[in-house]
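# Provide a 3D model corresponding to the input given below.
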Amino acid sequence: MAGWRPARVGEMVHREVADRLRQVKDPELTEISVTSVEMSKDLSRAVVKYLPFGGGEPNKVLNEALGRAARQMRGPIGRALRLRIAPELVFQWDRNHEDAVRLTALLDQIGKELHPAAPVDASDDDELADEDAVDDVAGDEDAADADAEEPR
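Next comes the predicted model:
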């Protein structure tokens, strides 16, 4: 059971950090999304992985603001979670998202090269749509005529 504790505490730290970041009053701290928290085995260090809203890489100002926020939140998080030692919070930009986007783009490119799409002539689709519309209108008129001719 000892192997599960860092993961459980990591999830609790994740929730606390996400909640407390919204309460930090720092104009240089822009909105971020906390993606995961990795705890050390002795629970003394929490690596908080994040993504800035809007994407892209974080700048130096954001990194400094997160460092100040980490120092502010360490004690309150330790007390809220009733931990003997409040974990040191280390914010780290989550590169996995950027890698996933790049990998998806590469897979799309390979798929297009292996299975090039047949060119679709837009005029063919328009003609089919026009014929369907004519059939629908004609069908409605036939139904109206049938109702009118029906004896009472």
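# where does the prediction get shaky in this protein?
Applying pLDDT under 70 to the chain flags residues 1-2, 118-152.
# what about L66, how many residues nearby?
Neighbours of L66 under the rule other CB atoms under 10 Å: 25. Bear in mind the C-beta positions are built from the backbone N, C-alpha and C, glycine included.
# okay, buried residues for the strand or helix carrying it please.
Per DSSP states H and E: L66 is located in helix 60-80. By neighbour count on 16 or more other CB atoms under 10 Å, the buried set for helix 60-80 is L62, A65, L66, A69, A70, Q72, M73, I77, G78, A80.
# now the third one: how far from V24?
Read it as L66. 9 Å (CB to CB, to the nearest Å).
# swap in Y50?
13 Å.
# with neighbour numbers in mind, choose between these two.
More crowded of Y50 and V24, by other CB under 10 Å: Y50, with 21 against 14.
# mind listing what the more buried one touches?
Residues near Y50 by CB atoms under 8 Å, 6 or more residues apart in numbering: I32, S33, V34, T35, P58, L66, F91, Q92, W93, D94.
# now V61
The contact partners of V61, taken as CB under 8 Å, 6+ apart, are E28.
# quick check, L83 in a strand?
No - L83: not assigned to a strand; according to DSSP: H, G, I helix; E, B strand; the rest coil it is coil.
# which parts of the protein are helices?
Assigned by DSSP state H, the chain shows helices spanning 5-23, 60-80, 96-114, 122-149.
# and T35, how many neighbours?
Number of residues near T35 (other CB under 10 Å) recorded here: 15.
# then V101?
Neighbours around V101, by other CB under 10 Å: 11.
# now swap in L83 and tell me
Neighbourhood size, L83 [other CB under 10 Å]: 15.
# that one contacts L43, doesn't it?
Yes - counting by CB atoms under 8 Å, L83 touches L43, with 6.5 Å between them.
# intersection of neighbour lists for the two?
V9.
# can you list the domain ranges for the protein.
5-94, 105-143 (automatic domain parsing).
# tell me the most buried of the ones you listed?
domain 5-94 (a mean of 15; mean count of other CB atoms under 10 Å).
# so who does I32 touch?
I32 makes contact with L21, Y50, L51, P52, F53, P58, L62, L66 under the criterion CB under 8 Å, 6+ apart.
# out of the residues you listed, who's nearest V101?
L51 (11.1 Å; CB to CB).
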